[in-house]
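Chemist: task: produce atomic coordinates for the following.
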Amino acid sequence: MTVAIVDYDAGNLRSVETALARLQVDYRVVRRGEELREADRLVLPGVGDAGSAMATLRESGLADAIMHFFATGRPILGICLGSQIVLDRSEESDARCLGLIPGSVVALPRDAGYKIPHMGWNTIEPLVDHPLFRGIEEDSSFYFVHSYVPKPEQGESILAECEYGVRFAAVVGRENLVAAQFHPEKSGVAGLRMLDNFLQWMP
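Modeler: As a prediction, this is how the structure comes out:
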């Protein structure tokens, strides 16, 4: 099995590479759309601005390649920014995104009395019995760094929620795509288990 890690100048690659190496899986960092053809699974990491990220994905041909990859039914995992740009549009830079999950990305409210960005450890509440959560103890904490959150149109696309002033979608998904607003690769034992669950997942 080969996992493609998409490099679109949005950082966060080294920690993902380190985590996959610990799980002893064959991975490749890809920068062009054609490099996704032979991959069995795809990881879409990233931190930063949605507008800049989407511009890079389109210029490199990766945007179309990711959408084609999704259409083939092969598993995709989005992480942090990668969990946002799979929706239709982001308030950040008014960016048009990949549109794999209907919905938008909105800013965390600054009037809720909580510091923005949301940075640090927090728990999530799974809403469905998804294979991604298998073997992960209740109240496990995961590492977050973000100011925006995914807001799917359909409630069934929300797989887990988190609370930080407001409740928001912490994990979203559709068909062969799952995406976490937090960083499983930086979330210790629970995060590694989640990554391993993704590697074992057969949609």
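
Chemist: list the contacts for Glu17?
Modeler: Glu17 makes contact with Ile5, Tyr27, Val29, according to Cβ atoms under 8 Å, 6 or more residues apart in numbering. C-beta here means a position set from N, CA and C on the backbone, and glycine is covered the same way.

Chemist: okay, it and Leu195: tell me how far apart.
Modeler: 12 Å (Cβ to Cβ, to the nearest Å).

Chemist: cool, and Cys97?
Modeler: Cys97 is 23 Å from Leu195, by Cβ to Cβ.

Chemist: do Cys162 as well
Modeler: In terms of Cβ to Cβ, Cys162 sits 18 Å off from Leu195.

Chemist: of the two, which one has the most company?
Modeler: Leu195 (25 against 20; other Cβ atoms under 10 Å).

Chemist: pretty sure that one contacts Pro184?
Modeler: Yes: counting by Cβ atoms under 8 Å, Leu195 sits close enough to Pro184 to count as a contact (5.3 Å).

Chemist: what sits in contact with each of the two?
Modeler: Residues touching both Leu195 and Pro184 by Cβ under 8 Å, 6+ apart: Ala19.

Chemist: what's Glu34 sitting at in phi/psi?
Modeler: The phi/psi pair for Glu34 (degrees, to the nearest 10) reads phi -70, psi -20.

Chemist: count the neighbours of it for me.
Modeler: A count of nearby residues for Glu34, using other Cβ under 10 Å, gives 10.

Chemist: likewise for Val145?
Modeler: Neighbourhood size, Val145 [other Cβ under 10 Å]: 16.
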